[in-house]
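Participant: build me a model:
(one chain, ligands or ions: 1)
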Amino acid sequence: MGLKYAFVTGGSRGIGRAICLKLAGMGIPVIIGYHTNETAAREVYDAIVRDGGTASLLQCNVCSKEEVEAALAAWEQAHPNDYIAYLVNNAGIARDNLMFMMPDEDWDAVLQTSVNGMFYVTRYLLPQMMARGRGGRIVNISSLSGLKGMPGQTNYCAAKAAVIGATRALAQETATRNVTVNAVAPGFITTDMTSDLPEEELKKLIPMKRFGKPEEVAELVAFLCSENAAYITGEVISINGGLY
Ligand code: NDP
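Facilitator: Numbering: from 1, shown residues only. Prediction:
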């Protein structure tokens, strides 16, 4: 029997980094996906290995089908007895602007990263998760923005709402194979993505009066990846300190 790996896209920083560390701490070997930031990805790798965990690094731009498929195929070749049983589609970017001023590139980049990225990675990995009753867990990182809509973020809200739609549909396609598919919808979480936001002002709007921590999101993702969550699928779970 080979190892059952987790693949976390955008594992080099922020929420993805915390998810990698948490899953590794549960004894799951982790593939740290990253795009540009090799130094940060290596730091996550070193932290996992230092704590006795198992990790690999996987560089690819999730917007590129060719890069995704080549990177995953190379990983599979290097790990012939292992398979990816846990997938966390976390890579995402924001390019905020009012719609009437939004450049094509910013619309496309945000949709491509969250939606196409999820599609390319998930489609590639589904057959091995569904094969021979192996089972699997897919967790897609959506956002509060994808549930409620935020002005200045039509691209991001469209992308994150699309992730929810795909989650609910795919969950029904894979249910008989014990592959669960769920989404997590964080509110404001302290990461690079939110570092330019006026945190003091925004905190006043949040019932808990604080931003969330990446580690808090990681706990929820870890639960959805666990055996205890076997009967939860097609669900969207908010983690937002009461901000709806
Ligand atoms: P960060 O900006 O801190 O990290 C983004 C991660 O995504 C990095 O690891 C980055 O890799 C990776 N990434 C970006 N573009 C690509 C790409 N084209 N291909 C592969 N990897 C890519 O973001 P957060 O941790 O804050 O966000 C993680 C997820 O959570 C995103 O989907 C985001 O939309 C969502 N989210 C975040 C919230 C927040 O408040 N922070 C709230 C709700 C949802 P690299 O470092 O190598 O460039």
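
Participant: for the longest helix anywhere in the chain, packing partners?
Facilitator: Longest helix in the chain, counting residues (DSSP state H): helix 154-174. Packing contacts for helix 154-174, counted by 3 or more CB pairs under 8 Å, 6 or more residues apart in numbering; DSSP states H and E, involve helix 104-111, helix 117-130, strand 136-141, helix 144-148, strand 179-186, strand 236-239. Heads up, the C-betas are built off the backbone N, CA and C, glycines and all.

Participant: got the ones you listed as TSV, with mean pLDDT and mean neighbour count columns?
Facilitator: Shown next, in TSV, are those (pLDDT from 0 to 100; neighbours: other CB atoms under 10 Å):
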stretch	mean pLDDT	mean neighbour count
helix 104-111	98	15
helix 117-130	97	20
strand 136-141	98	25
helix 144-148	98	20
strand 179-186	98	25
strand 236-239	98	17
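
Participant: any chance of the ones you listed in CSV, plus distance to Lys22?
Facilitator: Shown next, in CSV, are the helices and strands packed on helix 154-174 (distance: least, CB to CB, whole Å):
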stretch, distance to Lys22
helix 104-111, 26
helix 117-130, 20
strand 136-141, 12
helix 144-148, 21
strand 179-186, 13
strand 236-239, 14
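
Participant: okay, the residue of the chain positioned farthest from its centre and the ligand: tell me how far apart.
Facilitator: No residue in the chain has its C-alpha farther from the mean C-alpha position than Phe100, which lies at 29.3 Å (CA atoms, centre = their mean). According to CB to the nearest ligand atom, to the nearest Å, Phe100 stands 23 Å off from the ligand.

Participant: what number of residues lie near the spatially closest residue to Ala70 that is not a sequence neighbour?
Facilitator: Using CB to CB, 6 or more residues apart in numbering and skipping the chain neighbours, the partner closest in space to Ala70 is Cys60 (7.4 Å). Residues near Cys60, counting by other CB atoms under 10 Å, number 23.
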